[in-house]
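> quick one: sequence and predicted model below, then my questions.
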Amino acid sequence: MWWNNRLFTTLRGGRGIDYQWPSPSLPIVSIRTNGGRPGEKLKMAVGLIAFGDIAIGLVAGGIFSIGLLSLGVFTVGWLMALGAVALSGVMSVGAVSIGSAFALGAVAISAEVAVGAIGIGTWGIGAIGIGQYAYGVIAIGNHGFGIIPLTLDAARWFRSWFD
């Protein structure tokens, strides 16, 4: 589990957490884990605020999390997703991040601004920038700047030497 460590398992005695507040039938806050024991089924936490192995809520955190704001390993968030693999409608941050408006990560893909080692978007910024406006060591697109500019602007500039 992404927050599981020796201290957590020592304090809980290796047992999982199963907590819903105010009640299990209507959980506003839900925390459910299997304690990181291998071979046990992952537990799902559902609530307005949900943390667990699998979490679904407005604010969700877990191995797999879905919500308005998501945090974890594999995350899907409507406004923001933070995780190793993050997918969001607005902003995502992670090793692999896909966001509609903004993405930040090693591999960032966005319809608008993507910043990362490889940035793919309308504005692609990174070691390799790909997009309408590309900035990076290698820039691929219509406009932009890079040490290796594979852009239409660079091609036009190079062709102007021979006109």
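Yep, it's here. Numbering: from 1, shown residues only.
> state which helix of the chain is the longest.
helix 152-160 (DSSP state H).
> by contact count, what packs against that helix?
Helices and strands touching helix 152-160, by 3 or more CB pairs under 8 Å, 6 or more residues apart in numbering; DSSP states H and E, are strand 123-151. Any C-beta I mention is one placed from the backbone N, CA and C, and that applies to glycine too.
> buried residues in the strand it packs on, which are they?
Neighbour-count burial for strand 123-151 flags 123-126, 128-131, 133-136, 138-141, 143-144, 146, 149, 151 (criterion: 16 or more other CB atoms under 10 Å).
> neighbouring contacts of the longest helix of the chain?
141-144 (CB atoms under 8 Å, 6 or more residues apart in numbering).
> determine which two of the residues you listed are furthest apart.
Asn142 and Gly144 (7.6 Å; CB to CB).
> dump the contacts of helix 152-160 to CSV, plus pLDDT.
Listed next are the contacts of helix 152-160 as CSV, based on pLDDT from 0 to 100:
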residue, pLDDT
Gly141, 94
Asn142, 93
His143, 93
Gly144, 91
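> which member of those residues is positioned nearest Gly39?
Using CB to CB, the contacts of helix 152-160 come closest to Gly39 at Gly141, 48.8 Å.
> ok, the residue nearest to Gly144 when sequence neighbours are not counted to Ile128 distance?
Leaving aside its chain neighbours, Gly144 sits nearest to Ala134 (3.6 Å; criterion: CB to CB, 6 or more residues apart in numbering). The gap separating Ala134 from Ile128 is 9 Å, by CB to CB, to the nearest Å.
> okay, and the common contacts of these two?
Contacts common to Ala134 and Ile128, judged by CB under 8 Å, 6+ apart, are Ile140.
> re earlier: list the buried residues of the longest helix of the chain.
Buried, per 16+ other CB under 10 Å, within helix 152-160: Ala154.
> what about the strands in the protein?
For the chain, the strands defined by DSSP state E occupy 18-23, 26-32, 44-46, 49-88, 91-93, 96-99, 102-110, 113-120, 123-151.
> now render the ones you listed as TSV, adding distance to Trp161.
Shown next, in TSV, are the strands of the chain (distance: least, CB to CB, whole Å):
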stretch	distance to Trp161
strand 18-23	70
strand 26-32	65
strand 44-46	63
strand 49-88	44
strand 91-93	42
strand 96-99	40
strand 102-110	34
strand 113-120	30
strand 123-151	15
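> worst mean pLDDT among those?
Least confident of these, judged by mean pLDDT, is strand 18-23 with a mean of 78.
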